[in-house]
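Engineer: quick check, what structure comes out for this input:
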Amino acid sequence: MRLISCHIENFGKLHDITYNFNEHLNIILKDNGWGKSTFVTFIKVMLFGFENESKRKVIERERGKFAPWNGKVYGGQLVFESNGRQYRIERTFGSKEKEDSFALYDNVTNLLTNDFKMGNGNIGEELFNINRESFGNTVFIAQLNCKTSVTDDIYAKIGNVSSDISDMSQYEIVQSKLKKELDRLTPHRKSGELYKLNDEINKLNAEIKNKDVQKNALHNLQNQLEKLNSRKEELQKDDNNIQDEIRKLSSIKDSKVLLQKYNELKSVKLQAMYRLKEEQNLFPVRIPQMDEVDQYIKYQTSAMVYKENAANYSLDETQKSRLIELNKKFSKGIPNEEVMDDLEKKIETLQVYEKQINENTLSQNEMKELNYLSQVFKNGLPDAQYLDSLIEKWEERKNRKNNINAKSNLLQTVKSVNEAPKRSISKIVKIIKVILAIFIIFIGVIGCFSVLPLGIIFIAIGVALLLKKKPSLSKKKEELCQCEDYEEEIAKDTEFVQYVDKEISEFMNNFQGDVSEQKVSESLYLLKNQVEKYNKLMFMYQECNKAEDIQTYDNLKSKIMQVLEMYCEDVTQCDYLKVFMDLKNLVSEYKNLVLRAQKNQEQLNKYFAMSAEVKNFLNSLGITENDDAGNVLRAIGDRLNKIEFLNKDMEEKTEAINDFEKHNNISLLLHNDTLPSVEKTSEELVDLSQSMKKKIDDVKDEILGNRQSQNAVMTELDRIDECEENLIKTKENYEELHHRYDILGKTRDYLEKAKINFSSKYMDPVKQSFDKYYGMIAKNDDKKYQLDANLNMSLTECGGQREIELLSEGYQDLVGICRRMAMIDAMYEKEKPFILLDDPFVNFDSKKMEGALKFMDEISKEYQVIYMTCHESRKID
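Structural biologist: Residues are numbered from 1 along each chain as shown. Sure thing, here's the model as predicted:
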């Protein structure tokens, strides 16, 4: 199997790189940083895909580490030959594996091919019959990573069992599982299952040994309990005898006590009967019911409320005098609300009329002014609009008259200019022309303050004269036309002034106004103000003297006086509203006093009625009222409560006697000669009883303790029985697991021996290849190396086997490279793979470097070699 070419579209920093490989030695000499390691990684990824896909850090994941720096298409092509046919791999990579694409073409036909089963892009495993890890331990020798180890795939490939490598490739997995299971079961460590079971068996045996002791203890406790029960029965009999004696003595004492109690009950009942009779005798006629007393207590309470209310409504002497006075005033009756409301509305209407009259009534000065203005306008009142039009005409007349003078001066100036003799412009004429122009501009400036348009015209003419050159014929014609226009305007303005003067003069003569030109405006405005004042005064005069309003006013006044005269004195000249309000207040005061007197009498009547009811009730009981009736009623209530209490007490005493007679033989109590006799006193019997009870209690405590001890022993025996059952099960489990442990141990040993036997067949070929390559690189080196059945190398030095890791970095790399090549020779006897060397000789000295170059030259005769280096000294010439 060999590489033919590759094209890197984008991979790491490499971009658009194409390389064609020869069949033998391919040396790629590039400076540090060019991307040599990236190049060989590209070849590996095209065959096996990316490593460390599950790592989180980008630098640890090949996919992230070699992502294109330019951010473009990630991937490329690889053309190779296998079994005489050429194939082309095309791969692109995304940020995740599911975004990758893979295609395998027949490089001759350019058609997709299914010659390889690994359609997922892991085609390297099918080409080399090893996985990615084994590829990195043999064919691919990276810089500073020459060390190697033997994987299951390498074992299988060396043994030439690639067609069925399931057993060999699973060896390490099986051994690992066997070791894990043996470690779990081991009887030699505390964590081992067998160790734990053995420990549990020992503990259970120790527990079971205590069973006989517990049985003996239970037997002793049962015997002791029988004795305690017998002792308890004897003590109980003695205590019963003592209790009989106590009961006999008690019966004697009880009879005396009962007789005494019976006599006391009868005496108490007799006393209760005397007290009840004494309370009942306080009512000479009859004993009332409590409901009656409660009712009349309410009557008395209501009577006192009525009395208090009557006091609150009573009139003092001043109020009584005032009521008499108002009774006289309203002897004919008081006006009702309807009359008062109507009177109030009429007074309000009258006030409205009075306000209108007062507002429109002319003062003395206003009347004089009205008479004067009437004299002024005796010939007729001028129209206000006509007067305004005269004012406007007069203003226009003044403006036009001012324009006449200005236009005349301007016309005179224009004519003088046009009539000047025709001669060459001299210096003197120019001076005159400039002076004239300045004069006209000056007139125009002054004119702007009075007549703005005319002033602007003068200024324009002056400026034109300053700028004027020799007039042309057309210009002269224009000036002549302009003069004619001025003359026509002056004539029209003069005619308008004369017309307005005549109209003003005729109008002002009717009103004795001043028609002098300086006073006309003032006279017109004065006349306008007089017209407005006259109209206002005349309107007020007319409003004040309306006949219908005066008639209505007089009628209202008459009706108001008609009502007020019934209740008030002299209302001819008074403030009707004030009189009405006084009357309204008097009516309100009178009503309040009358209502107060009525309520006072009403409350007194109720008081007297309730008091009479209470007095009659007390008389019916034979009680004469000498004290406050309320106190008497409450005393009666208290007495009734006491009688009720005494009645109940009497009933209870009677019931107690009846109950006593029911439960006791009264005749026997009255004749107690037949009572039994007792030898000991009650104190002695009580002491004996207490002593006996204490003994019984002590025995009971002992019995309770005995039973608790028996329960504890029986619980322990039950637990021991469970231990015996657990011991049987645990022993069975132990035997079963121990048998499994023995079988697994033997299986592991047999597998190890089988592997060693399997590997030992290829030890000699591998060792021979190792020695061959070692001799090529390290000439005349007398170091001795040993190869074990696991294909691991060790150094024989100073009478012992030494680990390769103890050697220098250079020797470690040397052993690793030679060991890799020895395994490759053993693995691939037929179709040889290509060898990837990523500058693996960096730790070699010059002597070994010379041997390394010869080594590459030799292996390139049998293998295709792709060798990456950055230094000329490590290049074959």
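Engineer: out of the helices and strands in the protein, which is least certain?
Structural biologist: Least confident element among the helices and strands of the chain, by mean pLDDT, DSSP states H and E: helix 166-169 (a mean of 54).
Engineer: SS state for residue 81?
Structural biologist: Here residue 81 is strand, with the state taken from DSSP: H, G, I helix; E, B strand; the rest coil.
Engineer: please apply the same query to the one 5 residues further on.
Structural biologist: State at residue 86, reduced to three classes by three-state DSSP: strand.
Engineer: over to residue 109?
Structural biologist: Following three-state DSSP, we place residue 109 in the coil state.
Engineer: against residue 650, how distant is it?
Structural biologist: Computed as CB to CB, to the nearest Å, the residue 109 to residue 650 distance reads 137 Å. To be clear about C-beta, it is placed using only N, CA and C from the backbone, and glycine gets the same treatment.
Engineer: could you do residue 136 as well?
Structural biologist: In this view, residue 136 and residue 650 are 121 Å apart by CB to CB.
Engineer: try residue 638
Structural biologist: Computed with CB to CB, the distance linking residue 638 and residue 650 is 19 Å.
Engineer: please identify which of the two sits among more neighbours.
Structural biologist: Legend: neighbour count by other CB atoms under 10 Å for residue 638 and residue 650, higher for residue 650 (16 against 11).
Engineer: am I right that the more buried one falls within a helix?
Structural biologist: Yes. With three-state DSSP as the criterion, residue 650 is part of a helix.
Engineer: give the next helix or strand downstream of the top strand by length along the chain.
Structural biologist: Looking across the chain with DSSP state E, the single longest strand is strand 2-11. The helix or strand immediately downstream of strand 2-11 is strand 14-20, counting by DSSP states H and E.
Engineer: which residues touch the nearest residue to residue 322 once chain neighbours are set aside?
Structural biologist: Excluding the flanking residues, the one nearest residue 322 by CB to CB, 6 or more residues apart in numbering is residue 593, at 6.5 Å. Neighbour list for residue 593: 315, 319, 322-323, 326 [criterion: CB atoms under 8 Å, 6 or more residues apart in numbering].
Engineer: what number of residues lie near residue 587?
Structural biologist: With other CB under 10 Å as criterion, residue 587 counts 20.
Engineer: quick one: it from residue 510, how far?
Structural biologist: Taking CB to CB as the measure, residue 587 falls 65 Å from residue 510.
Engineer: next: residue 862.
Structural biologist: Noted for residue 862: a distance of 152 Å to residue 510, by CB to CB.
Engineer: now swap in residue 814 and tell me
Structural biologist: With distances taken as CB to CB, residue 814 is found 150 Å from residue 510.
Engineer: ok, these two, which is more surrounded?
Structural biologist: Neighbour totals were compared for residue 814 and residue 510, and residue 814 leads with 28 against 13 (other CB under 10 Å).
Engineer: residue 781 in helix, strand or coil?
Structural biologist: Under three-state DSSP, residue 781 comes out as coil.
Engineer: residues touching it, list them.
Structural biologist: Neighbouring residues of residue 781 by CB under 8 Å, 6+ apart: 774-775.
Engineer: what about the longest helix in this structure?
Structural biologist: In the chain, taking DSSP state H as the definition, the longest helix is helix 682-760.
Engineer: now find how far off-centre the next helix or strand after that one is within its chain.
Structural biologist: Using DSSP H and E, the next helix or strand after helix 682-760 towards the C-terminus is helix 763-777. Averaging C-alpha positions (CA atoms, centre = their mean, to the nearest Å) puts helix 763-777 77 Å from its chain's average.
Engineer: what residues sit buried inside helix 763-777?
Structural biologist: Under the neighbour-count criterion of 16 or more other CB atoms under 10 Å, helix 763-777 has 763, 766-767, 769-770, 773-774, 776-777 buried.
Engineer: so what's residue 437 closest to, chain neighbours aside?
Structural biologist: residue 465 (3.6 Å).
Engineer: pretty sure residue 171 sits against residue 752.
Structural biologist: No. Using CB atoms under 8 Å, residue 171 is not in contact with residue 752, being 9.4 Å away.
Engineer: and the closest residue to residue 81 other than its chain neighbours, how close does it get to residue 83?
Structural biologist: Leaving aside its chain neighbours, residue 81 sits nearest to residue 2 (5.3 Å; criterion: CB to CB, 6+ apart). When distance is defined by CB to CB, residue 2 is 11 Å away from residue 83.
Engineer: the nearest residue to residue 752 once chain neighbours are set aside: neighbour count?
Structural biologist: Spatial nearest neighbour of residue 752, excluding adjacent residues (CB to CB, 6+ apart): residue 175 at 7.6 Å. By the criterion of other CB under 10 Å, residue 175 has 15 neighbours.
Engineer: what's the domain layout of this structure?
Structural biologist: Split into domains by automatic domain parsing, the chain comes to 1-128, 289-334+579-620, 383-510.
Engineer: and the end-to-end length of the first one?
Structural biologist: From its first residue to its last, domain 1-128 covers 9 Å (CA to CA, to the nearest Å).
Engineer: now it: mean pLDDT?
Structural biologist: For domain 1-128, mean pLDDT rounds to 90.
Engineer: and the host helix or strand of residue 535, which residues are buried?
Structural biologist: Take DSSP H and E as the rule and residue 535 turns out to sit in helix 520-544. Judged by neighbour count (16+ other CB under 10 Å), helix 520-544 contains these buried residues: 520, 523-524, 527-528, 530-531, 534, 537, 540, 544.
Engineer: understood, closing this out.
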